[in-house]
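> coordinates for the following, if possible.
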Amino acid sequence: MRRSRLAPAAVGLVAGIAATFAAPGVASAETVIAPKNVATLLCLDSNTSGSVYTLKCNTGFYQEWIEALGTYGKVYRNLATGMCLDSNAERSVYTHVCNGGSYQQWNLANNGGSSYTLRNVATGYCLDSDTTGHVYTLDCNGGNFQAWYRY
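Numbers count the residues shown, from 1 in each chain. Now for the predicted structure:
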């Protein structure tokens, strides 16, 4: 579900920010989303230190992500920080300067309803979280902690 709370002037601002933080290998088709975990109903959040976690949804810019087409999958760039959702083989999730690499690209799979699973292109692990706000990747298991609404 796409969010449409931005006024036309704000949409222009978001487009300008998106262009400013364009990553190598990222196409221009972009949507602003706030991923919300199905199991916890908490939103994907970040900060300027590169930490990624979930918090109660608050419609703030740190919970908004620009979803764009990358070379191998989707890229998620945080609206507030301009940094991209990233992961590694140790299953850590964080944000980093956008570089177009496969660790910053995610395959989006519909779960047969309104939720989606995000699988990291480089590792094959799925974006996961828990009730305490931790975000990480694990082997894909089809559970609700790995399911996200595109709020």
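> now the strands for this protein?
If you assign secondary structure with DSSP state E, the strands in the chain sit at 30-33, 35-37, 42-46, 52-56, 65-69, 74-78, 84-87, 93-96, 106-110, 115-120, 126-129, 135-138, 148-150.
> need the ones you listed in CSV with mean neighbour count and mean pLDDT, can you?
For the C-beta atoms, the positions are set from N, CA and C on the backbone; glycine is no exception. Formatted as CSV, the entries for the strands of the chain read as follows, by neighbours: other Cβ atoms under 10 Å; pLDDT from 0 to 100:
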stretch, mean neighbour count, mean pLDDT
strand 30-33, 19, 92
strand 35-37, 24, 97
strand 42-46, 25, 98
strand 52-56, 18, 98
strand 65-69, 21, 96
strand 74-78, 25, 97
strand 84-87, 26, 98
strand 93-96, 20, 98
strand 106-110, 16, 95
strand 115-120, 22, 97
strand 126-129, 25, 98
strand 135-138, 19, 98
strand 148-150, 21, 94
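> may I have the residues that are in contact with the residue positioned nearest the centre of the chain?
With the centre of the chain defined as its mean C-alpha position, the nearest residue by Cα atoms, centre = their mean is residue 76, 4.3 Å away. Counting by Cβ atoms under 8 Å, 6 or more residues apart in numbering, residue 76 makes contact with 35, 65-67, 84-85, 106.
> appreciated, that's everything.
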